[in-house]
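> Sequence and predicted structure below; questions after.
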Amino acid sequence: MEKQQNRVELKTSDRAEFPGARKIGPADPRERIEVTVTLRRGSAPSAFPSLDELGATAPSARQHLTREEFAAQHGASAPDIAKIRAFAAQCGLQVVRESPERRSVFLAGTVEAFSKAFSVQLNRYQRAKGTFRCRTGTLQIPAELDGIIEGVFGLDNRPQAQTHFRIRKNPAGKVRAQAAGDSYTPLVVAQAYDFPGGTDGTGQCVGILELGGGYNSADLADYFKGLGISSPKITVVPVDGGSNSPTGDPNGPDGEVELDIEVVGAIAPAAQIAMYFTTNTDQGFLDALTTAVHDTTNRPSIISISWGGPESSWTQQALNSFNSACQDAATMGVTVLAASGDSGSTDGSADNSPTVDFPASCPYVVGCGGTRLTLSGTKISSEVVWNDLSSGEGATGGGVSGFFALPTYQQSA
């Protein structure tokens, strides 16, 4: 640690207290943890297409990079990675692996070593759902790494996001045993929206990010049998220790996991589905996203995200790193879709103030809100924004980001 006197703030790393949690003491200094360090692109900023440039031409006319071309042109540079490797050795940390294409270096070590490396105090916080390791304030990094390191994730493992789905209740507050009269299968909804006939997803892979829970193969088989179609091919991709781990509670994350698979599998039954299971932390979420975006094995062309949290609850480094990963996706022709939340204009924020949901608010993401749909036969007779807040059953999220500038293509809307 002798050469670390000249240190600077990683200004984007500022983190607030854990809302609704109680600090119970310092983290165990001997606990071993793994941290993700994200780096700048190896290419000059001018060499990377902007949002306006990506939106200037029709998707079919754009020249997208392959994942291999992207890694070669825009991945983290070897000299930058070497500097992180040297920093890790100096601080008694181990380099677990390096991923130039994801611009990520994964370090392992004790809480004590990481605390010294980044000049941070890690504490334990308790909430009804468990105990978590948290930090507050900004991190410190060596001055020679300023501009190279863009984010440090994993020191803090508080829950970052929640699922975005609702199980409708009857007036007595009980979950309905059967589908309501205005409920439709994905096949019916696809027909109402004139989803192209004969399009079954052949040759495509849809990536789905999940931050908990899992699916039961027997449940899925029963569902697709009821629709009269075959179950889709599913590949599980574990990220940061995540796994297909159903809890048995359909009201919990299992409901989200199976819903996601059922919708994709019904509309695109021939598509491969890659399930990226990870932990519900900003580190796990980001690592799952970058894994999917740069996956050269499954190669998803679409990434679906039904998890998120109030934009105001994220660190600036997380907002930047997620946005950068989604920008990577856009240059490779990968479409990222994210649910816009189901708690109305406040998005369940701690102070109940208006905010949008992230990552749906990312400029490179298609944010997907909810509507109440009524059909007459196979045609839409009515469609209005979903808003059942008066009955305590939620409402779609949406709005204008408080962090990202309004894209030019929306400024005259």
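Thanks, I have it.
> Low-confidence bits of the stretch 101-250 of the chain, can you list those?
Across the stretch 101-250 of the chain, the ranges flagged by pLDDT under 70 are 167-182.
> Could you measure from the residue nearest to Asp342 when sequence neighbours are not counted over to Ser304?
Among residues not flanking Asp342 along the chain, Gly394 sits closest, at 4.3 Å (CB to CB, 6 or more residues apart in numbering). For glycine as for every other residue, the C-beta is placed from the backbone atoms N, C-alpha and C. According to CB to CB, to the nearest Å, Gly394 and Ser304 sit 20 Å apart.
> follow-up on the earlier one: how about the contacts made by the residue nearest to Asp342?
Contact analysis of Gly394 by CB atoms under 8 Å, 6 or more residues apart in numbering lists Arg166, Asp342, Ser343, Gly344, Trp386, Asp388.
> Just want the most central residue of the chain.
What sits nearest the mean C-alpha location of the chain, by CA atoms, centre = their mean, is Phe285, with 4.8 Å.
> so it touches Ala161, yeah?
Yes: contact criterion CB atoms under 8 Å: Phe285 and Ala161 qualify, at 6.2 Å.
> which residues are common contacts for those two?
Common contact partners of Phe285 and Ala161 (CB under 8 Å, 6+ apart): Leu211, Trp307.
> Thr279 and Gly241 touch, don't they?
Yes: Thr279 is within contact range of Gly241, at 6.3 Å (criterion: CB under 8 Å).
> between the two, who's got more neighbours?
Using other CB atoms under 10 Å, the more surrounded residue of Thr279 and Gly241 is Thr279, with 20 against 10.
> about what we covered before: will you turn the contacts of Gly394 into TSV that also has neighbour count?
Converted to TSV, the contacts of Gly394 look like this (neighbours: other CB atoms under 10 Å):
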residue	neighbour count
Arg166	16
Asp342	24
Ser343	19
Gly344	18
Trp386	18
Asp388	17
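> So which of these are in helices?
Residues of the contacts of Gly394 located in helices (DSSP state H): none.
> Columns distance to Gly399 on top of the residues you listed, output as CSV?
Shown next, in CSV, are the contacts of Gly394 (distance: CB to CB, whole Å):
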residue, distance to Gly399
Arg166, 19
Asp342, 14
Ser343, 12
Gly344, 10
Trp386, 15
Asp388, 18
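> Name all residues that make contact with the nearest residue to Phe403 once chain neighbours are set aside.
Here the nearest residue to Phe403 in space, its sequence neighbours aside, is Leu319; by CB to CB, 6+ apart that works out to 5.5 Å. By CB under 8 Å, 6+ apart, the residues touching Leu319 are Glu311, Phe358, Cys362, Phe403, Phe404.
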